[in-house]
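Colleague: how would this look folded up:
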Amino acid sequence: MKLSQRREKLIARLRVPRTRAREGAVLVEGVRAVAEALDAGVNVSFAVLSAGLAETDAGAALAARLAPLDVVSVEESDLDRLTDTEHAQGVLLVCAEPRAGLDTIAAGGRYLVLDGVQDPGNAGTLIRAAVAFGLDGVVCLDGTVDPWGPKPVRASAGMVFHVPVVRARAEDLLERLHDAHVPLFVADPHGTDVDEHPVKESFAIALGNEGRGVRGTVAEAAEGAVAIRMPGGAESLNVAMAGAILLHALTRSKPHG
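Modeller: Now for the predicted structure:
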């Protein structure tokens, strides 16, 4: 079966942040990410499959799950042309973008704030870490990469569908955190060792751009700054690695829920 020109053009638009946002749709690639999206109950528009999907047990199981939906089967070469990845894994899904607002933030919650994180892989990895450590939401401030772009979704291994992801202006977030009595902390190499910091059960932790850190207004509104003690020779860590370590430290001794 041939994919219609209309759908092929839609897939191309979903690779461009501005047109993806206008479409309100998400492009999901790969067996695991698609399975996670289905587990989360996304609103599926259509799926594109190739024969290669059935070459693994996980792929065959996913094909069976997709069968009742709107599915187009194409040649392997055609699917490779539609995807960003070197190995397409035989599946591509288009679904509606899940929407969440600042009302997601509530008293007692735990939140990750991305302030100007621009690398898609880092953003997706941080969202995956937020899910792994049981956070209640992720807020992407203006200047952060589109969390629903194909690369962040893929880097999150589909975990982006399992946590509310809010896009907001910094001033609106700060007002909401204040109203919900959620204390804000920022990641800063000159801050207090996170293992020694008196972080409360509820918190929001902001991670900034690798070059500039968090913006001034966010740093000024924070109750404190936390850092990772590094006794070795490295001067710094990748923001995704640092974020995962901080989330582990902030949640390991304080059961949530």
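Colleague: pLDDT of stretch 110-117, averaged?
Modeller: Mean per-residue pLDDT for stretch 110-117: 97.
Colleague: distance between it and the chain's centre?
Modeller: The gap between where stretch 110-117 is centred and where its chain is centred comes out at 10 Å by C-alpha atoms, centre = their mean, to the nearest Å.
Colleague: And this structure, what are its domain boundaries?
Modeller: By the record's domain assignment, the chain is partitioned as 5-96, 102-251 (automatic domain parsing).
Colleague: centre of the chain versus the first one, how much separation?
Modeller: Read that as domain 5-96. Offset of domain 5-96 from its chain centre (C-alpha atoms, centre = their mean): 18 Å.
Colleague: Tell me the helices and strands packed up against the helix or strand of the chain with the lowest mean pLDDT.
Modeller: The helix or strand of the chain with the lowest confidence, counting by mean pLDDT, DSSP states H and E, is helix 76-82 at a mean of 87. If you count contacts as 3 or more C-beta pairs under 8 Å, 6 or more residues apart in numbering; DSSP states H and E, helix 76-82 packs onto strand 44-49. Where you see a C-beta, it was placed from the backbone N, CA and C, and this is true even at glycine.
Colleague: who's in contact with the helix or strand following the strand it packs on?
Modeller: The helix or strand immediately downstream of strand 44-49 is helix 57-66, counting by DSSP states H and E. Contacts of helix 57-66 with the rest of the structure, by C-beta atoms under 8 Å, 6 or more residues apart in numbering, involve 31-32, 34-35, 38, 47, 49, 52-54, 89-91, 93.
Colleague: Name the residues of helix 57-66 that are buried.
Modeller: Gly59, Leu62, Ala63, Leu66 (16 or more other C-beta atoms under 10 Å).
Colleague: what do you get for stretch 204-217?
Modeller: Those would be Ala204, Ile205, Ala206, Leu207, Gly208, Asn209, Glu210, Gly213, Val214, Arg215, for stretch 204-217 by 16+ other C-beta under 10 Å.
Colleague: end-to-end on that stretch?
Modeller: Its start and end residues considered, stretch 204-217 measures 15 Å (C-alpha to C-alpha, to the nearest Å).
Colleague: Looking at it now, give me its mean pLDDT.
Modeller: The predicted confidence, averaged over stretch 204-217, sits at 91.
Colleague: gap between it and the chain center?
Modeller: The gap between where stretch 204-217 is centred and where its chain is centred comes out at 17 Å by C-alpha atoms, centre = their mean.
Colleague: ok, now stretch 237-253?
Modeller: 15 Å.
Colleague: before we move on, back to that, pull the residues that contact the least confident helix or strand of the chain.
Modeller: By C-beta under 8 Å, 6+ apart, the list of residues contacting helix 76-82 from outside reads Leu3, Glu8, Ile11, Val48, Leu49, Ser50, Ala51, Gly52, Ala88, Gly90, Leu92.
Colleague: Right, I'll leave it there.
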